[in-house]
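K.L.:
model this:
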Amino acid sequence: MAPSAPTVLLLPGWQNSGPAHWQSRWEALYGYTRVQQHDWMQPLRGDWMMQLEEAVLAAPTPVVLVAHSLGCMLTAAWAQHSQNTHRVQAAWLVGPGDPEREELQAPLKSWWPVVMDRLPFAAELLGSCNDPYCTFARAQQFASAWGAEWVDCGNAGHLNADSGLGDWPEGHARLQALSARTLFRNCVLPGGTSSEQAIS
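P.N.:
Model prediction:
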């Protein structure tokens, strides 16, 4: 029996993703699920982690996380503490925002120091040379620390609506490729059966 399609959870960053953002477009186009937060403007790391934990537990199939900006930091922080990381098939991390930057430390004080532990699931991180919220070198450092495949997107700003990505079909193709190549890894389905067991 073929495995079920993964549950794609969208993890926006600080202040949420507006209607022109590729995450919002993908939500409308593909029916992906946005993980809602109690407070998008004054984000508390612990609160955001709890919301992600509940979303992962509620997912009917293995999860693919699609994170942007602070959502990347959320993925790393949640993975360090959760007992349910086995439910995640992969994480696609785009334009990480660095809460340790001087201008971001005050509004994002609960988010530093950034969690730099290796992620327990496959990941790909896309960074930009001229991202105003994260230096190129810092984005590469995150990818290395988290064990994520690094993708250089050139001069693409924060890889958000202002970057003019529109529906970003190239990005969606990369996400689908990541999902496909991680499909048969030992991702545990609800009920305790691994995806490999489910198709044997």
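
K.L.:
Spatially nearest residue to the residue most central in space within the chain, not counting backbone neighbours?
P.N.:
In the chain, the residue lying closest to the centroid (Cα atoms, centre = their mean) is Ala67, at 2.5 Å. Closest residue to Ala67 apart from its sequence neighbours, by Cβ to Cβ, 6 or more residues apart in numbering: Leu11 at 4.0 Å. In short, each C-beta sits where N, CA and C put it, glycine included.

K.L.:
likewise His81?
P.N.:
That would be Met49: by Cβ to Cβ, 6+ apart, it lies 6.5 Å from His81.

K.L.:
gap between Ala122 and Gly31?
P.N.:
If you measure Ala122 against Gly31 using Cβ to Cβ, to the nearest Å, the figure is 23 Å.

K.L.:
Between those two, which is the more surrounded one?
P.N.:
Ala122 (20 against 8; other Cβ atoms under 10 Å).

K.L.:
which residues touch that one?
P.N.:
Gln89, Ala90, Ala91, Leu178, Arg181, Thr182, Arg185 (Cβ atoms under 8 Å, 6 or more residues apart in numbering).

K.L.:
Please apply the same query to Val94.
P.N.:
Val94 neighbours (Cβ under 8 Å, 6+ apart): Val66, Ala67, His68, Ser69, Cys72, Leu125, Leu126, Leu159, Gly171.

K.L.:
Doesn't the fifth one belong to a strand?
P.N.:
No. The assignment for Cys72, made by DSSP: H, G, I helix; E, B strand; the rest coil, is helix rather than a strand.

K.L.:
these two touch, right, it and Asp98?
P.N.:
No. With contacts counted by Cβ atoms under 8 Å, Cys72 stays clear of Asp98, the gap being 9.6 Å.

K.L.:
So for those two, which residue has more residues nearby?
P.N.:
It is Cys72, of Cys72 and Asp98, that has more neighbours when counted by other Cβ under 10 Å, with 32 against 23.

K.L.:
excluding its backbone neighbours, what's nearest that one?
P.N.:
Spatial nearest neighbour of Cys72, chain neighbours left out: Pro96 (3.9 Å); criterion: Cβ to Cβ, 6+ apart.

K.L.:
what residues are up against that neighbour?
P.N.:
Ser69, Cys72, Met73, Leu125, Gly127, Cys134, Arg138, Ala139, Phe142 are the contacts of Pro96 under Cβ under 8 Å, 6+ apart.
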